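J.: Provided below for reference: sequence and predicted model.
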Amino acid sequence: MELACVNDRQILLLDWLHAVLPMAPARIAPASSDASFRRYFRVWYDGQTRIVMDAPPDKEDCRPFVAIAQALRGLGLNAPEVLAADFDRGLLLLTDLGDRQYLAELDERSVPGLYGDALEALARLQVGGDPGSCLLPPYDSALLHREMELFRDWFLGRQVGLKLREDEHHILDRAFALLADNALEQPRVWVHRDYHSRNLMVTAPDNPGVLDFQDAVVGAVTYDLVSLLRDCYIAWPRERVEAWALTHRARLRALGMAGLEDTGQFLRWFDLMGVQRHLKATGIFARLNLRDGKPGYLHDIPRTLGYVLAVAGRYPELKALGDLLLAHRIDRWELAA
């Protein structure tokens, strides 16, 4: 047993494991945590391992995770199998996809194969998932705007301490509206909504293992693509990213997806979708620091801001947003942080 400072929640978890496993676990240790209230533990018993997801029911609802896991597995994705569930207690027993995160494995040698597998799995999700299904909620205008408001509130307002003028608020309003419209005009697909190197596991066979999908929605075709290729945690050259993106577009077209005929439009969708995501991510990273006491994500903000400023510099309709951020020296935030 490797649970330090065992608390009431962990005692509950241990009691539940004794009830659902065929024998007492030989060892239990923290497996990982994420940017939510969930925690994960690896359990060893009878020469094998399992994962326990601990999601306190007053903070998280396990039901979407279970339903979406089953749906993803039905599409041929390597999502964990749910072996036991107690929704009232917020506990799930899952198959173990290992501990080899994409982020730790990606380099110049491995990236073609790892991204090739991830993009193939993404195509199965996007082509196989029924956008008319009632399983997933829509990635609608209200949600897109709520996400972008995290940037205004938590990053600009609280983390940086800016007090924007009325005209500057209007600049953000117009940019947010443009970015939401860009997302809503794209073909609708199933969207994992956090498809990146910390939620993909190197597995053999059936690479990649896919995690953290419980917030999936029906939304824009480029959302998961830009999440992967303009990852908040690792960056690649623009030319390489665009080549990967267009190869993925060609695969989707070959699989019968309509609405992707215009290369220039697809890249614009991709670029602007990335700005929406990276504004959201920047706000979330600030909130994790200020509200949840998780400052580690602050180190990734210069990367997400860099993506925003790079795209804003290429699109006249985003020039005002870029100018606003530059005027407040947001491009140099890392030096002031």
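T.: Cool, got the structure. Residues are numbered from 1 along each chain as shown.

J.: which residues in the stretch 1-150 of the chain form helices?
T.: Per DSSP state H, counting those that start in this stretch, the stretch 1-150 of the chain carries helices over the ranges 8-20, 63-74, 102-105, 111-128, 141-150.

J.: what pLDDT does residue 42 get?
T.: On the pLDDT scale, residue 42 is placed at 95.

J.: and it, how many neighbours does it have?
T.: 19 (other Cβ atoms under 10 Å). (Each C-beta comes from the backbone N, C-alpha and C, glycine too.)

J.: Just to check, it is in contact with residue 29?
T.: Yes - if you go by Cβ atoms under 8 Å, residue 42 and residue 29 touch, sitting 5.6 Å apart.

J.: Give the residue spans of the protein that score low on pLDDT.
T.: Along the chain, the model assigns pLDDT under 70 to residues 1-6, 33-36, 335-337.

J.: Quickly list the domain ranges of the chain.
T.: 8-95, 102-336 (automatic domain parsing).

J.: Name the helix or strand for the residue nearest the centre of the chain, please.
T.: Nearest residue to the geometric centre of the chain (Cα atoms, centre = their mean): residue 194, 1.5 Å. Using DSSP states H and E, residue 194 is not contained in any helix or strand.

J.: What backbone torsions are found at it?
T.: phi -160, psi 50 (degrees, to the nearest 10).

J.: Leaving out the residues flanking it, which one is nearest to it?
T.: residue 212 (5.3 Å; Cβ to Cβ, 6 or more residues apart in numbering).

J.: my guess is residue 218 is in a helix, correct?
T.: No - the assignment for residue 218, made by DSSP: H, G, I helix; E, B strand; the rest coil, is strand rather than a helix.

J.: mind listing what it touches?
T.: Residues in contact with residue 218, defined by Cβ atoms under 8 Å, 6 or more residues apart in numbering, are 129, 131, 133, 136-139, 188-191.

J.: the strands in the stretch 201-337 of the chain, which residues?
T.: 209-210, 217-220 (DSSP state E, counting those that start in this stretch).

J.: Please state the offset of stretch 259-271 from the chain centre?
T.: 22 Å (Cα atoms, centre = their mean, to the nearest Å).

J.: If you count neighbours, what's buried in that stretch?
T.: 260, 266, 268-271 (16 or more other Cβ atoms under 10 Å).

J.: Turn these into CSV, including distance to residue 99.
T.: Converted to CSV, the buried residues of stretch 259-271 look like this (distance: Cβ to Cβ, whole Å):
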residue, distance to residue 99
260, 36
266, 36
268, 38
269, 35
270, 31
271, 34
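
J.: Tell me which of those residues fall in helices.
T.: Within the buried residues of stretch 259-271, residues falling in helices by DSSP state H are 266, 268-271.

J.: Mind putting the residues you listed into JSON lines with distance to residue 106?
T.: As requested, those are exported to JSON lines (distance: Cβ to Cβ, whole Å):
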{"residue": "266", "distance to residue 106": "24"}
{"residue": "268", "distance to residue 106": "27"}
{"residue": "269", "distance to residue 106": "25"}
{"residue": "270", "distance to residue 106": "20"}
{"residue": "271", "distance to residue 106": "22"}
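
J.: between the residues you listed, which is nearest residue 205?
T.: residue 270 (30.2 Å; Cβ to Cβ).

J.: residues touching the nearest residue to that closest one once chain neighbours are set aside, list them.
T.: Excluding its sequence neighbours, the residue lying closest to residue 270 (Cβ to Cβ, 6+ apart) is residue 222, at 4.5 Å. Residue 222 sits next to 186, 245, 266, 269-270, 273 when contact means Cβ under 8 Å, 6+ apart.

J.: and the residues you listed, which two are the farthest apart?
T.: 186 and 245 (13.1 Å).

J.: neighbour count winner among the two?
T.: residue 245 (24 against 20).

J.: Please name the nearest non-neighbouring residue to that one.
T.: Residue 245 sits nearest to residue 270 (Cβ to Cβ, 6+ apart), 5.3 Å away.
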